[in-house]
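>>> Provided below for reference: sequence and predicted model.
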Amino acid sequence: MQTFDYVRPATLAETFALLEAHGDQARLLAGGTDLIIRLRDGTVRPTLVVDLKRIPELRPSIHEADGRLVISATTVMTEIAADERIRHRFTALAESAAVVGSVQIRNRATLGGNICNASPAADTAPALLVYGALVVVVGSTGTRRIPIDEFFVRSGQTTLRRGELAAAIELPLPAGPTGSVHQRRTRRRGHDLASVTLACLVEAGGTTRIAFGSVGPRPVLAVDDSGVLADRGAPEAAKAAILDAMFAVASPSPRSMRASPDYRRAMLGVLGRRGLAIALDRLASG
Ligand SMILES: Cc1cc2nc3c(=O)[nH]c(=O)nc-3n(C[C@H](O)[C@H](O)[C@H](O)COP(=O)(O)OP(=O)(O)OC[C@H]3O[C@@H](n4cnc5c(N)ncnc54)[C@H](O)[C@@H]3O)c2cc1C
């Protein structure tokens, strides 16, 4: 491992100054469950690691404000999976947090780290996409809110600019009843990244949102406004046609060691149909 300096700033201003000064040579550290592996294997070689854990504005928290649930970026998976508001209103997010790694990983892994690492297999990404999350980004020039669908570019790359960091993730509170679920497929039980990860949200108004990852360079959101997927009485053939069209953009890598492209595409269809059925049941049962 290449040597690097380690700092634990106590203010956001200090953090921004460090990021401005060091640019690509600086790396932020939250839980470290992705970063430390990459430091060890040499795929990232920063000269400075900036630990976010002592900054008061970034303390882990989950609260409601202005019709949104605000989850601070440093909130760990264990807290997200256990939070009653998330379990009840954003079920797919709680379920996705609950399957990240192991107990030990979930106690360290943050929501901000999961999305900023920008792995196509990030388990919370599909849930955040179906709920229309906003990433609250702060930097020396101020605060901006990026719709999560505009946050991911490709594996390892987001639309964060030099000197910026993710401070929180905001979830608009649903206006009416919804049903949602997270589904994933892994090679084996235990600690493995998903071969396919998917979330489905059905709204009482008839819109269905399905997002999926690990089947292309970034997680993808597809929306059905026709009402067909949300209609329990709609012909199965009509539903299958819509799901097939939604999943047509999947472009799994042929070089992955986890699963072949054909397997991933097949599993995407299976999880999509299964997820839709569960989300519809949850919507019906309130
Ligand atoms: C054994 C094991 C199993 C795993 N299983 C899963 C799994 O099942 N599903 C899954 O999705 N992931 C899994 N992971 C990956 C990892 O645990 C998650 O991606 C985790 O959420 C990363 O969060 P972190 O706080 O540890 O991020 P860190 O490692 O601290 O940071 C990750 C990246 O994001 C950047 N970053 C962190 N916070 C911010 C911020 N606030 N603003 C800007 N940039 C930031 C860092 O600079 C770094 O580049 C696993 C990892 C391990 C080691």
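That came in fine, so what should we check first?
>>> the ligand contacts on the chain?
For the chain, the residues in contact with the ligand (C-beta under 6 Å from any ligand atom) are 27-35, 37, 52, 73, 99-101, 105, 108-110, 112-114, 116-117, 122-123, 165-166, 191, 193. (Glycine included, C-beta is placed from N, CA and C.)
>>> how about the closest residue to the ligand within the stretch 101-250 of the chain, nearest residue that isn't a chain neighbour?
Nearest residue of the stretch 101-250 of the chain to the ligand, counting by C-beta to the nearest ligand atom: residue 113, 2.2 Å away. Computed as C-beta to C-beta, 6 or more residues apart in numbering, the closest residue to residue 113 that is not its neighbour in sequence is residue 30, at 4.2 Å.
>>> phi, psi for the residue of the stretch 101-250 of the chain closest to the ligand please.
Main-chain torsions, residue 113, degrees, to the nearest 10: phi -60, psi -40.
>>> ok, back up a step: out of the residues of the chain next to the ligand, which are buried?
Using 16 or more other C-beta atoms under 10 Å as the burial test, these include 27-35, 52, 73, 99-101, 108-110, 112-114, 116-117, 122-123, 165-166, 193 as buried.
>>> need the helices for this structure, in chain order.
Along the chain, the stretches classed as helices by DSSP state H are 12-22, 35-41, 77-82, 84-89, 91-98, 103-108, 111-116, 124-130, 236-247, 261-284.
>>> what's the mean pLDDT across the second one?
pLDDT averaged over helix 35-41 equals 96, rounded to a whole number.
>>> what do you get for the longest one?
pLDDT averaged over helix 261-284 equals 96, rounded to a whole number.
>>> next one: the third one
Across helix 77-82, the average pLDDT comes to 98.
>>> residues of it that come out buried?
Using 16+ other C-beta under 10 Å as the test for burial, helix 77-82 gives 77, 78, 79, 80, 81.
>>> just put these in a markdown table and tack on distance to residue 259.
Converted to a markdown table, the buried residues of helix 77-82 look like this (distance: C-beta to C-beta, whole Å):
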| residue | distance to residue 259 |
| --- | --- |
| 77 | 24 |
| 78 | 28 |
| 79 | 31 |
| 80 | 27 |
| 81 | 25 |
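>>> closest one of the residues you listed to residue 90?
residue 80 (9.0 Å; C-beta to C-beta).
>>> I'd say that closest one and residue 95 touch.
No - if you go by C-beta atoms under 8 Å, residue 80 and residue 95 don't touch, sitting 10.1 Å apart.
>>> hang on, the earlier thing: just the ones of the buried ones among the residues of the chain next to the ligand in strands?
Among these, the residues falling in strands (DSSP state E) are 27, 28, 29, 165, 166.
>>> so the last one bridges to which residues?
Note on residue 166: beta-bridge partners residue 137, judged by DSSP bridges.
>>> so residue 70 touches residue 64, yeah?
Yes - with contact defined as C-beta under 8 Å, residue 70 reaches residue 64; the gap is 7.2 Å.
>>> these two: which is more packed in?
Neighbour totals were compared for residue 70 and residue 64, and residue 70 leads with 18 against 11 (other C-beta atoms under 10 Å).
>>> I'd like the distance between that one and the ligand.
Look at residue 70 and the ligand: by C-beta to the nearest ligand atom, to the nearest Å, they are 14 Å apart.
>>> quick check: bridge partners of that residue?
As assigned using DSSP bridges, the partners bridged with residue 70 are residue 63, residue 170.
>>> tell me the contacts of the residue of the stretch 101-250 of the chain closest to the ligand?
30, 31, 33, 34, 35, 73 (C-beta atoms under 8 Å, 6 or more residues apart in numbering).
>>> got it, and residue 45?
Counting by C-beta under 8 Å, 6+ apart, residue 45 touches 2, 4.
>>> now it: phi and psi?
The phi/psi pair for residue 45 (degrees, to the nearest 10) is phi -130, psi 70.
>>> so what pLDDT did it get?
Residue 45 carries a pLDDT value of 96.
>>> equivalent analysis for residue 190, please.
If you check residue 190, the pLDDT there is 61.
>>> buried sites along stretch 80-92?
80, 81, 83, 86, 87, 89, 90, 91, 92.
>>> just stretch 56-76 next, same as before
Under the neighbour-count criterion of 16+ other C-beta under 10 Å, stretch 56-76 has 58, 62, 68, 69, 70, 71, 72, 73, 74, 75, 76 buried.
>>> I'd like those as TSV, with distance to residue 263 appended.
Listed next are these as TSV, based on distance: C-beta to C-beta, whole Å:
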residue	distance to residue 263
58	39
62	36
68	38
69	35
70	38
71	33
72	37
73	33
74	36
75	33
76	32
